[in-house]
Structures are given as structure tokens and as C-alpha cells.
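# just coords:
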């Protein structure tokens, strides 16, 4: 997989998130591109489930935040400590994904990995958080 390390991730925690299912009994619509992106990210991040898969490695034991900006779908996966009777999530238990609406995985960033390359080219130094989300850095 060839990634685009210069692709800036948006903040997943600015403002409150909208719960996917707010009212019981009301449908929630999710388009196919978002569903495919979520499936790609989940399949990449978690091991293939088996009957002996531990609780913390199951899809239902995680929380998912999804942002769509133009043709890129950004996904944040993080452990849900309440799902496995934990009080806090494990360190480095999540990941961020940028997936094009056509299904191409553009970038994966596991918790604990640097947002930018460790040795950026001189033209890239000082850029990062100020870049517009979803756009490559110059």
C-alpha cells in the first residue's frame, strides 16, 4: 500500500460528535462509500475475528468517528474501555485512516506514530497542524 504521508488529518474532537443512532426506532442512513471505508479501516486495524478473539480485539469493543471532506473519508478508531469492563483505554489502542471514496486507503496512522515524517524535507518543516485537513502539505 502506497500512502500519502503528507495528507493532514482533521481534528476528530472539535465540537461534539453526532451519535449514529439517536432515537430508538428511527432509521439512520449511511451511504455505501462510508460503509466501505469503515469496513476497510476496521479490517486493516483489527485481527480477523475467531471464537477466541479477546474482547479488546473485536469491532464492537471500539468507537468510530467519521468525517467526510470532499472525496476523502476520515475515520478514527479507538478502544471503548466500557465494552470490556475496563476503566481506561490501553495506550496506543487506536488509529486514524484516510480513505478515498473509491476505496483507496490513502493513509493510516496508528496511535503513537508521529503525525508527520520524522525527518521532513526543509520545505515541509513547520507545517502540519496549520494545514487544511484532507489536503497534502506542500
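Here it is on my side, so go on. Since we're looking at a predicted model, the values are computed, not measured.

# Could you list the low-pLDDT ranges of this protein?
Filtered on pLDDT under 70, the chain yields the residue ranges 1-3, 5, 13, 15-24, 86-92, 117-138.

# what are the ranges of the strands in it?
For the chain, applying DSSP state E gives strands covering 62-69, 72-79, 95-100, 105-110.

# Quick one: work out the angle between the second one and strand 62-69.
Okay, so that is strand 72-79. 160 degrees (axes from the mean of the first three to the mean of the last three Cα atoms, to 10 degrees).

# Return the angle between stretch directions for strand 72-79 and strand 105-110.
With the same axes, to 10 degrees as the basis, strand 72-79 and strand 105-110 are set at 30 degrees to each other.

# Show me what strand 72-79 is packed against.
Secondary-structure packing of strand 72-79 (3 or more Cβ pairs under 8 Å, 6 or more residues apart in numbering; DSSP states H and E): helix 32-45, strand 62-69, strand 95-100. For every residue, glycine as well, the C-beta is placed using N, CA and C.

# Pick the most buried one from the ones you listed.
Greatest average neighbour count among the helices and strands packed on strand 72-79 goes to strand 95-100 (a mean of 22), per mean count of other Cβ atoms under 10 Å.
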